[in-house]
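Trainee: Have a look at this fold, sequence not included:
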C-alpha cells in the first residue's frame, strides 16, 4: 500500500502573493500640499526626500512627522486675543481671571466659555 497525500500541492513551493491577492490597499499618492510642505521641510533641514515617497501618502506623512520641528514651549500659552477677551469678561463680572489660566490655553478657553456673558 502506498501513501498518497490528499493535498497534491502541499509540498511544492508557494508562489509569492501579489498585492491585489492579499487585499492590501494600493498606496494613495500624496497631495500637492503635502509635497510642498515636505519639500520646504527638506530645504530647511538640509535633507532630501526619499525616492518614490511622493507616491505614498502615508509614508510621506510619517516622514513629515519625523522631520517637522518640535513644538515651542509657548504653544500652550493662550493667545493675546484670548487674554484680552478674558480680562474684558473679568472686568464686566468684577472678578479676576485665575492665574493658572494664563499658562494654559485650554484652561483659558474653558474659563471664557463658562464666564462669557449670555
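Mentor: That came through, no problem. All values reported here derive from a predicted model rather than from experimental measurement.
Trainee: What are the boundaries of the helices in this structure?
Mentor: Under the criterion DSSP state H, helices of the chain are mapped to 19-22, 32-44, 57-67, 80-93, 105-115.
Trainee: Can you give the domain ranges for the chain?
Mentor: Structural domains of the chain, as assigned by automatic domain parsing, span the residue ranges 27-69, 74-115.
Trainee: To residue 50, which of the helices of the chain lies closest?
Mentor: Using CB to CB as the measure, helix 57-67 is the one of the helices of the chain that comes nearest residue 50, at 7.0 Å. All C-beta spots, glycine's among them, are computed from the backbone N, C-alpha and C.
Trainee: hmm, back to that, for the domains of the chain, give me JSON lines that also has mean neighbour count and mean pLDDT.
Mentor: Putting the domains of the chain into JSON lines (neighbours: other CB atoms under 10 Å; pLDDT from 0 to 100) gives the following:
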{"stretch": "domain 27-69", "mean neighbour count": "13", "mean pLDDT": "92"}
{"stretch": "domain 74-115", "mean neighbour count": "13", "mean pLDDT": "95"}
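Trainee: Kindly present the helices of the chain as a markdown table, with separate columns for distance to residue 73.
Mentor: Converted to a markdown table, those look like this (distance: least, CB to CB, whole Å):
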| stretch | distance to residue 73 |
| --- | --- |
| helix 19-22 | 44 |
| helix 32-44 | 20 |
| helix 57-67 | 20 |
| helix 80-93 | 17 |
| helix 105-115 | 13 |
